[in-house]
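# build the 3D model from these lines:
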Amino acid sequence: MSTSSDKTKLRDAIDAARERGRKLSAEILTGEEMKTSEEFAALLGVSVATVNGKRRRGELLGINGAVKGYRFPIWQLNKDGKPYGILNELHARLGKPWAVYRFLKMSHGELDGLTGLQALQRNTDEEVLWVVESFLRDFS
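Reported below is the predicted structural model:
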């Protein structure tokens with residue numbers, strides 16, 4: 001039987017976890033690897049409107065949270081300075097931008113411990129998509 005004290009402890013624990021999440025989000029979004037829409041547009045040689053259109057279509061990873069505006073991780077550009085073509089597929093399968101971010105930054109046993117991003121950098125798109133499907137089956 002749950003007591004008022006138990007409910008208070010649970011609520012406090014949830015509040016503390018949310019605060020940790022907000023702090024981590026802010027750290028990620030203000031990191032050196034993150035660029036504003038304007039900075040990212042300049043890198044690509046396109047307009048901010050183009051960057052935002054590509055973000056909405058899932059062709060670019062733009063995340064938001066604890067800071068104003070979207071931030072774009074520079075590592076989503078391949079060695080030729082172009083976004084990975086698989087990004088729209090990752091968005092379609094994983095849904096939310098933060099889910100795509102987490103998937104790309106996490107190590108995956110199915111990829112011999114590589115992160116999703118490291119696997120993309122090795123041109124293993126099909127393997128990455130297979131891992132996404134496995135990931136969704138295991139955590140859905």
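
# residues contacting the spatially most central residue of the chain?
A centroid search over the chain (Cα atoms, centre = their mean) returns Tyr101, at 1.4 Å, as the residue closest to the centre. Going by Cβ atoms under 8 Å, 6 or more residues apart in numbering, Tyr101 touches Ile28, Leu61, Ile63, Pro73. (Each C-beta comes from the backbone N, C-alpha and C, glycine too.)

# just the ones in strands from the residues you listed, please.
Pro73 (DSSP state E).

# please name whichever of the contacts of Tyr101 scores lowest on pLDDT.
Within these, pLDDT reaches its minimum at Ile28, with 85.

# what number of residues lie near that one?
Neighbourhood size, Ile28 [other Cβ atoms under 10 Å]: 19.

# got the phi/psi numbers for the closest residue to it other than its chain neighbours?
Of all residues not flanking Ile28 in the chain, Met34 sits nearest, at 7.1 Å (Cβ to Cβ, 6 or more residues apart in numbering). Dihedral pair for Met34: phi -100, psi 130, per degrees, to the nearest 10.

# bridged to Met34, which residues?
Met34 forms beta bridges with Pro73, as assigned by DSSP bridges.

# residues contacting it?
Ile28, Arg71, Phe72, Pro73, Ile74.

# for the nearest residue to Thr124 once chain neighbours are set aside, what are its contacts?
Excluding its sequence neighbours, the residue lying closest to Thr124 (Cβ to Cβ, 6+ apart) is Leu111, at 7.7 Å. Contact analysis of Leu111 by Cβ under 8 Å, 6+ apart lists Gln118, Ala119, Thr124, Glu127, Val128, Val131.

# again, only this time at 7 Å
Listed by Cβ atoms under 7 Å, 6 or more residues apart in numbering, the contact set of Leu111 reads Ala119, Glu127, Val131.
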